[in-house]
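*Asks:* Have a look at this fold, sequence not included:
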């Protein structure tokens, strides 16, 4: 192990002023690490330059917090003191993209320090294509050259713009400094049918991303071609777009086509393939940006969860409480039971549309009370099975029956919020022969009465089924 140490309070290594310099520490063939030790720590002040580590990483150890600080914010590794640690990402000012984890064309995770929200999934401003500044500057040059770079989507969506990076040393003067962007479908590994194009822009600025609006809907997991077309009239390296070479899976094709002579906004309806040139491993600095869209899932500082698109809640094991919605007191409003495959609603369920039931309608609840009326005669027997919504009324008449009137009164176990509608149907031949009815004047939120127009027979059992719907 190579040891560079200092026993003094402060030691400095001056690397000069403006010229780039390298420090080679240790032997490339050694397997042990090189340690730089300082009693008061080591400060690296790069000014406007960068500290680049190739083929490895930087490890910072100490009792205090270890941190990287930039002009726009800071990343702190380790909390300092004790054995605990942590990662702190802090920006100088609130921003909607304080921290992001991105895939090739989607935001997977975003921390918004302006609205204090965490978002999961795709959101506004996601791009697809090659959004890096290529090392070469003369892509797509020549007379009316039309150049296309292949890409494959991960997620679908609506494209709002296409951007390209231009750092060529020579751009032609007006009118041969015009350019445009387009999107073409794939046809067997080559650009095929026209999909959409931008308006015409003007080249001239050096070292900038040029963006033009374009609208197109792309499908997930599908190959497309981003196209750059310029109207230069010289066989040279002017009007070039940046690009990189040697990229795995990359492919760029090029051709010439008379400027603005096509049928689709001046573009050809199919990409010209006669005389097509191909460069494997090449990508132009060209990318498309999706239109703004809400992230798949957002959680704010108050715990409010907002979800966009399809939602799947899957418990690794079946549970009677797979998902619950509770009020501030812990009372359950909604509960999903994956063990018994039930969904329970603790409050009122309001449905604005139609309800289609492919199974059975099963009512439940406590059993209402029933009392015999005067028309049930002397010493009758009354019984009720069911609940407030539906049930069966059984009346066995007593003796000494002499006339009609109230046969039985039902009192709901729980009052309705409005007067319900009662349907009564006979459940026996004797009940069908008796002139029974619901006395509307007795129907209320708390119950109803069954009346008969004539006297029942002594000691005969009568049965009716009822349904109560508010």
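*Replies:* Alright, I've got the coordinates. The structure presented is a predicted model; accordingly, all values stated were derived computationally and were not measured.
*Asks:* partner residues bridging residue 287?
*Replies:* Using DSSP bridges, the bridge partners assigned to residue 287 are residue 129, residue 163.
*Asks:* so it makes contact with residue 226?
*Replies:* Yes. Assessed by Cβ atoms under 8 Å, residue 287 is found in contact with residue 226 at 7.3 Å. Where C-beta positions appear, they are placed from N, C-alpha and C, glycine not excepted.
*Asks:* who has more neighbours, the two?
*Replies:* Between residue 287 and residue 226, counted using other Cβ atoms under 10 Å, residue 226 has the larger neighbour count: 28 against 23.
*Asks:* Please tell me I have it right and the more buried one contacts residue 129.
*Replies:* Yes. If you go by Cβ under 8 Å, residue 226 and residue 129 touch, sitting 5.5 Å apart.
*Asks:* which residues are in contact with both of the two?
*Replies:* 149, 151, 162, 286, 287, 288 (Cβ atoms under 8 Å, 6 or more residues apart in numbering).
*Asks:* For residue 285, list the residues it contacts.
*Replies:* By Cβ under 8 Å, 6+ apart, residue 285 lies in contact with 130, 131, 132, 133, 134, 139, 164, 165, 241, 242, 243, 244.
*Asks:* what's the burial count for the fifth one?
*Replies:* Residues contacting residue 134 under the criterion other Cβ under 10 Å number 20.
*Asks:* The fourth one now?
*Replies:* When neighbours are counted by other Cβ under 10 Å, residue 133 registers 14.
*Asks:* May I have the secondary structure class of it?
*Replies:* Residue 133 falls in the coil class when you classify it by DSSP: H, G, I helix; E, B strand; the rest coil.
*Asks:* for stretch 280-292, which positions count as buried?
*Replies:* Buried residues in stretch 280-292, counted by 16 or more other Cβ atoms under 10 Å: 282, 283, 284, 285, 286, 287, 288, 289, 290.
*Asks:* Ok, stretch 438-445 next?
*Replies:* Residues of stretch 438-445 classed as buried under the neighbour-count rule (16+ other Cβ under 10 Å) are 438, 439, 442, 443.
*Asks:* between the shared contacts of residue 226 and residue 129, which is closest to residue 295?
*Replies:* Distance to residue 295 across the shared contacts of residue 226 and residue 129 (Cβ to Cβ) is lowest for residue 288, with 19.1 Å.
*Asks:* contacting residues for that closest one?
*Replies:* Residues in contact with residue 288 (Cβ under 8 Å, 6+ apart) are 127, 128, 129, 159, 161, 162, 163, 183, 214, 216, 218, 226.
*Asks:* my guess is the third one meets residue 252, correct?
*Replies:* No. Using Cβ under 8 Å, residue 129 is not in contact with residue 252; the gap is 11.9 Å.
*Asks:* Now the common contact residues for those two.
*Replies:* Shared contacts of residue 129 and residue 252, defined by Cβ under 8 Å, 6+ apart, are found at residue 149.
*Asks:* Distance check, the closest residue to residue 413 other than its chain neighbours against residue 168.
*Replies:* Ranked by Cβ to Cβ, 6 or more residues apart in numbering and with sequence neighbours excluded, the top spatial neighbour of residue 413 is residue 366, at 3.7 Å. Counting by Cβ to Cβ, to the nearest Å, the separation of residue 366 from residue 168 is 83 Å.
*Asks:* out of the contacts of residue 285, which one sits closest to residue 334?
*Replies:* Closest to residue 334, out of all of the contacts of residue 285 and judged by Cβ to Cβ, is residue 131, at 43.2 Å.
*Asks:* got a list of what the residue lying farthest from the centre of the chain touches?
*Replies:* Largest separation from the mean C-alpha position in the chain: residue 400, at 74.4 Å (Cα atoms, centre = their mean). Going by Cβ under 8 Å, 6+ apart, residue 400 touches 377, 378, 458.
*Asks:* Any quick ChimeraX command for the buried ones out of these?
*Replies:* To isolate the buried subset of these in ChimeraX, counting by 16+ other Cβ under 10 Å, use the following:
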select :377
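*Asks:* possible to save the contacts of residue 400 as a markdown table with pLDDT?
*Replies:* Formatted as a markdown table, the contacts of residue 400 follow (pLDDT from 0 to 100):
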| residue | pLDDT |
| --- | --- |
| 377 | 96 |
| 378 | 97 |
| 458 | 97 |
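*Asks:* which of the contacts of residue 400 lies closest to residue 203?
*Replies:* residue 377 (104.0 Å).
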